[in-house]
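K.L.:
Fold the following.
(chains A and B, ligands or ions: 1)
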Amino acid sequence: MKILLSWLRDYIDIQVPPQKIADALLMAGIEVEAIHEPGKHLRKVVVGQVLTRDKHPNADKLSLCTVDVGTGTPLQIVCGAPNHQAGDKVPTALVGAVLPSGFEIRVAKIRGVESSGMLCSKKELGISDDHSGLYILPPDAKVGEDIVKTLGMDDVTFEISVTPNRGDVLSHLGIARDLSALFNLPLHRNSLDEATGEDDVRALTSVTLDEPDLCPRYGARLVRDVEVGESPRWLKDRLEKVGIRSINSVVDITNYVMLDIGHPMHAFDFDRLAGHRIVVRRAAPGEKLQSLDAVHRTLDPSMLVIADAQKPVAIAGVMGGEETGVTTTTRNVLLEAACFDPVCIRKTAKTLGMMSDSSYRFERGTNIDNVPIALNLAARLIKDLAGGRPAAGLIDAFPAPPPLKRILLRTRRVARVLGIDLKPAQIETLLLRLKFEVTRNGEEIWVGVPPFRHDIDQEADLIEEVARLYGYEHIPVTLPALFSQPVLPTPLQKLVRRTRDYLVDQGFHEIISYSFIPASIPPILREGPPLPLKNPLSDEQAHLRTSLLWGMIDALTRNIFSDEYELRFFETGRVFQPDASGFTREADRLCLGCCGPANPVDWRHSREPFDLFRLKGLLSRIGALVPTDLEFARGTHPALHPARQFEVTMGNRRLGVVGQIHPQLRTNKKIPEDWFVAELDLTALAAAKPARRLMQPIPEFPAIRRDLAILLPKTGSYQAVRQIVQEAGGEILEKCTLFDIYEGKGIDPDRRSLALGLTFRAKDRTLKDEEIQPRVDAMVKKITERLQGKLRD
Amino acid sequence: MSDQSEILWNQFEEERRQAASSKDAEALRVKYLGKKGPVSALLKNLGALPPDQRKAAGEAINRLKARLEESVEALMQEWSGREEEAKLKTDLPDPSLPGTALPLGTLHPVTQIGLEVAAIFVSMGFFLAEGPEAEDEYYNFEALNVPKHHPARDMQDTFYLENGQVLRTQTSPVQIRTMETIKPPFKMVALGKVYRRDSDITHSPMFSQMEGLVVGENVTMADLKGTLAAFAEKMFGKRLTRFRASYFPFTEPSAEMDVQCIFCEGKGCRVCKNTGWMEILGCGMVNPRVFEAVKYDPEKYTGFAFGMGIERMAMQRFGIHDIRLLFNSDVRFLRQF
Ligand SMILES: [Zn+2]
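P.N.:
Predicted coordinates for the structure are as follows:
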């Protein structure tokens, strides 16, 4: 919303610099986004009158002018413009002037002739891009006057953004009212004409109010024999400066009243109203209206309309109808000022997708007392500017005037909430400045809320008003004196934190991908049906993710397309799935994605690629953070390579997957074949009961190490070998390490060799070889019998 | 000392000074203290002396011998020490060759700032709470004093799910969920993703917020100012802060906290749109209506709440101009942090 300083001064005699006004409003909760002072950078440019215009003696395209600038001594100025003649009035920059471009005017010799000033185009004044010639001013411009004043550029425009609670400041009066409180200046109200005129309006028209709940007050005034035409310059000027297009005098006046006192109005062509009367009612189902923006609207009974005897003529509080609008052919004008229910207006505007300046204000609440004031103000302006004859009186359908809202303010409560000790009398003064009605009884103040303050509903709202005017900057700075119970991080919070740190240590970069996924993701990446958004921004963001895999694969793919092939990514985030009743069930998951070498490329290491077991290792370590043991088995995830994937479980619970991405998802040759992902349910993992750790004594007796190389069929499982080793090793087997796997040359092609390092130790004695050998023999025997393995020679 | 001893010593000293290795030291030892050396010769000659001089001469020779032994030993140690050290210093590694540990990864800049903000509040006794991202309308709006069809809903364009839930537009519903489960006094913060239907270079449909809530029997707006100013000092360094009036349905009075621009120190620049201030957070005293919604006695308890966007702080901190970079997962961007 734009606010003019000159317009504010209709109400308040404020003389502080514009920046101070903006700062005060800002601190009080009314944000000034910009201040426009078009004349600020224009000094020493005045209205000059060209007295003579001759050819420059030394240059064809230049002219030599004498210019009267009101000082008595005409200036000699050389000029290159083609469009001026003797007698024209033009903006003249005097010596010493600095134009908005930064150009400074000095006495100069141009082609041998002295020039003391410059005649200006619109572009040189910074008004527009027009540089076709000089800006020829109207003949009535005063010679010698500062151009800033002549062109009305001395006005200041504030661009203001208003929070939704402050419907009361959506006008010049409203802003002036807050300024009068902030600067403690009196607020002038224009004296208003009575609703006088010829013939009683009640004999000429009528208003039937069917829906007083949706329209608590409807007022109308009639002005006849109006000559609708162009608005006078000053009115057009004000409207233009606040960004409203001038239409015709009557429409301009209704807009002017809205911007002036904040009350939206409408004007009907009285002669086009069937039955010459108004009915305020709900729309009938399917009823139609062509609104002023030339769109055909279909209405329904949730909407309030202004109708004549036959049909709707306006969508109440939102927009008028095309057919009954005021045009230059209109003779008789029926003015409407009313109050409508904010919720009804908002719903209607939303349903029809049409927000107007009017609906915007009604949604935020208007001043019910302004109905007659707006009507009388508009009627007087029409009479003055468009020559109409107002009918006497006004129609005021106002079945139930609301009582004044009264709220009790306890001054002790002010201190308790704000932490400042204001005296009751001080509080009273602050409230009076804000135009509240105040009755004080010791420490209790009964506050009457004026009808324009719809945001004041309870004691806390009044406390805010006191604080706002007192100034937040004057509230002291303390720290809360309260003891709060210790609350520790949850297991999930701890796990997420440690997991992130661990993965960063392992060279992974954290990514954050959107919680939205496209509707069109490959079905194999869907984990059950996703929850759809009702109003997505695009098809690309139509569903909520059910897994982090799609985002990870997408991130890998996009990086590979930018020629980045060494990637290690992780993400922790929520996934969303519908529960049995369709509501959202959320869980935190971890996702890993990588491709390229597992070791950093440096001058020492070989480029070992990532493989399944590297990722398995990482996941196991993350399990160890809980600490718990994760188990791995063959997996069946459709988005992963059918052979190169494992399912991750804990107990009987499936926690995730790890594997090579299915070749089907390798949509481009640029993508390497061995790219991997893993996903783990952190919520479930964090819920694991951590294994209890009890100290074991430090061993006192030496250990014995035995190595065992076993040739195992390739289909055999290491887990089975381990189980046998543990069984046969018994309580003296301290550790079993798999330290090599070999297959290939020198070995049966159906087998692989597993090299195990066994450590034996007893708690109470030094072990002897004879004690161990039988156990190792038993291991070999069982492995041979049960697993068709054999000892490697 | 006898003249002979004196001459011998001086001669030894001369040679000792020229010794340049443990080998030289050994040669000196053999030369002077060996069986065929001058000391042995002197000792052998003792018998030729008259008996009354023998004792004194013998003592003099032994003193000389001891001195020589000590000096040779010292020389020996000095040179063998030097030689050993010189031996260690052969095959010098090039200190400019890169080390070969696994390079570190990075935490996402938003995570980094989120953790930093959280750590400041945790150090002031706040605990970290969590809540769902897909919320019931009640928690996101009604309980926070935003009725249906209220213009305040325009402040945040909301994503709705087909099942009637909303994606939370703010972390404030965590306030409600926290108050429904615990009793005052407490101080909590909640960090998490929020969603608004808005997308351009400064707005993302998904971003992160940190929410805070303090409730107790005598919590005042002065406490709010003190707590948040303390936070700002830790986060942005010692610089001016200001609180100005604002509007949030769930706080009353409401305020915005600005911090003096970290780029221009308040003089005005492009980042702060020439105001000299950066908007950091919204805050206010908890609206009694919110306490009523969670069945806290608004006469007994007061409190304050605040909320801030993490992305904006990350963008300021790292000089990121396009918010979309944060969610593009581009490794060329991520590895910079
Ligand atoms: Zn700045």
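
K.L.:
And stretch A:72-82, what's buried?
P.N.:
Buried residues in stretch A:72-82, counted by 16 or more other CB atoms under 10 Å in any protein chain shown: A:Pro74, A:Leu75, A:Ile77, A:Val78, A:Cys79, A:Ala81. (Each C-beta comes from the backbone N, C-alpha and C, glycine too.)

K.L.:
pretty sure the last one is touching A:Asp130, no?
P.N.:
No. Contact status for A:Ala81 versus A:Asp130: not in contact, 11.6 Å apart, counting by CB atoms under 8 Å.

K.L.:
Take the buried residues of stretch A:72-82 and keep only those in strands.
P.N.:
The strands, defined by DSSP state E, take in A:Leu75, A:Ile77, A:Val78, A:Cys79 from the buried residues of stretch A:72-82.

K.L.:
May I have the residues that are in contact with the last one?
P.N.:
Right, A:Cys79. A:Cys79 makes contacts with A:Leu62, A:Ser63, A:Leu64, A:Cys65, A:Met118, A:Leu119, A:Leu134, as judged by CB atoms under 8 Å, 6 or more residues apart in numbering or on different chains.

K.L.:
ok, and of those, which contact chain B?
P.N.:
Subset of the contacts of A:Cys79 in contact with chain B: empty, counting by CB under 8 Å from any CB of the partner chain.

K.L.:
Name the SS class of B:Glu233, please.
P.N.:
Recorded secondary structure, B:Glu233: helix (DSSP: H, G, I helix; E, B strand; the rest coil).

K.L.:
and it, what does it touch?
P.N.:
Neighbours of B:Glu233 in contact, by CB under 8 Å, 6+ apart: B:Arg239.

K.L.:
Okay, now the unreliable bits of chain A?
P.N.:
Where chain A drops to pLDDT under 70, the residues are A:191-193.

K.L.:
domain assignment for it?
P.N.:
A:2-37+A:156-182, A:40-150, A:198-397, A:405-474, A:491-686, A:704-791 (automatic domain parsing).

K.L.:
End to end on the longest one, go ahead and measure it.
P.N.:
Taking CA to CA, to the nearest Å, domain A:198-397 runs 21 Å from one end to the other.

K.L.:
How far away from the center of its chain is it?
P.N.:
Its chain's C-alpha centre and that of domain A:198-397 lie 33 Å apart, by CA atoms, centre = their mean, to the nearest Å.

K.L.:
Quickly list what's touching both of A:Ala81 and A:Asp130.
P.N.:
With contacts taken as CB under 8 Å, 6+ apart, A:Ala81 and A:Asp130 have A:Ser121 as neighbours in common.

K.L.:
so where's the stretch 101-250 of chain B shaky on pLDDT?
P.N.:
Scanning the stretch 101-250 of chain B for pLDDT under 70 picks out no residues.

K.L.:
all helices of it, in order?
P.N.:
Applying DSSP state H, counting those that start in this stretch to the stretch 101-250 of chain B gives helices spanning B:109-123, B:137-140, B:173-181, B:221-236.

K.L.:
hmm, back to that, most neighbours among the contacts of A:Cys79, which one is it?
P.N.:
Most neighbours among these, by other CB atoms under 10 Å in any protein chain shown: A:Cys65, with 28 neighbours.

K.L.:
So it: helix, strand or coil?
P.N.:
A:Cys65 is classified as strand under three-state DSSP.

K.L.:
give the contact list for it.
P.N.:
Residues near A:Cys65 by CB under 8 Å, 6+ apart: A:Val50, A:Leu51, A:Thr52, A:Arg53, A:Asp54, A:Gln76, A:Ile77, A:Val78, A:Cys79, A:His84, A:Leu119.

K.L.:
Which one of those residues is nearest to chain B?
P.N.:
Relative to chain B, the closest of these is A:Leu119; by CB to the nearest CB it sits at 33.2 Å.

K.L.:
can I assume the closest one is in contact with A:Val90?
P.N.:
Yes. Assessed by CB under 8 Å, A:Leu119 is found in contact with A:Val90 at 4.9 Å.

K.L.:
so what's in contact with the two at the same time?
P.N.:
Applying CB under 8 Å, 6+ apart, one finds that A:Leu119 and A:Val90 are jointly contacted by A:Gly48, A:Val50, A:Val67, A:His84, A:Leu134.
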